[in-house]
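Provided below for reference: sequence and predicted model.
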Amino acid sequence: MYGHVGVTGNIPFAAAYATVPIVVMAVYLLIARRLGAFEAL
């Protein structure tokens, strides 16, 4: 992400690229909650 902001100044692309891991983690947590993975904690 630093390469897209620092060199080219493409802040919107860097912001969109940074949201991909957040979306993946959110989907993973929703699936884990639906399967009851947090009940044992």
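Thanks, I have the structure now.

what pLDDT is listed against the residue nearest to the spatial centre of the chain?
Centroid-nearest residue in the chain: Ile22, 1.6 Å away (criterion: Cα atoms, centre = their mean). On pLDDT, Ile22 comes in at 96.

for the helix or strand harbouring it, packing partners?
Using DSSP states H and E, Ile22 maps to helix 11-34. In terms of contacts (3 or more Cβ pairs under 8 Å, 6 or more residues apart in numbering; DSSP states H and E), helix 11-34 is packed against helix 2-6. (Each C-beta comes from the backbone N, C-alpha and C, glycine too.)

tell me the secondary structure at Ala40.
Secondary structure, DSSP: H, G, I helix; E, B strand; the rest coil: Ala40 is coil.

quick one on the thing from earlier: residues of the helix holding Ile22 that come out buried?
Ala14 (16 or more other Cβ atoms under 10 Å).

low pLDDT regions in the protein?
1-8 (pLDDT under 70).

at 80 instead, please
Applying pLDDT under 80 to the chain picks out residues 1-11, 13-14, 40-41.

and Arg34, how far from Val20?
22 Å (Cβ to Cβ, to the nearest Å).

and Ala32, by the same measure?
On the measure of Cβ to Cβ, Ala32 and Val20 end up 19 Å apart.

what does Leu35 give?
Applying Cβ to Cβ to Leu35 and Val20 gives a distance of 23 Å.

do Phe38 as well
Relative to Val20, and taking Cβ to Cβ, Phe38 is found at 24 Å.

now do Leu29
For Leu29 relative to Val20 (Cβ to Cβ), the value is 15 Å.

likewise Glu39?
29 Å.

just Val27 next, same as before
Taken as Cβ to Cβ, the span from Val27 to Val20 is 11 Å.
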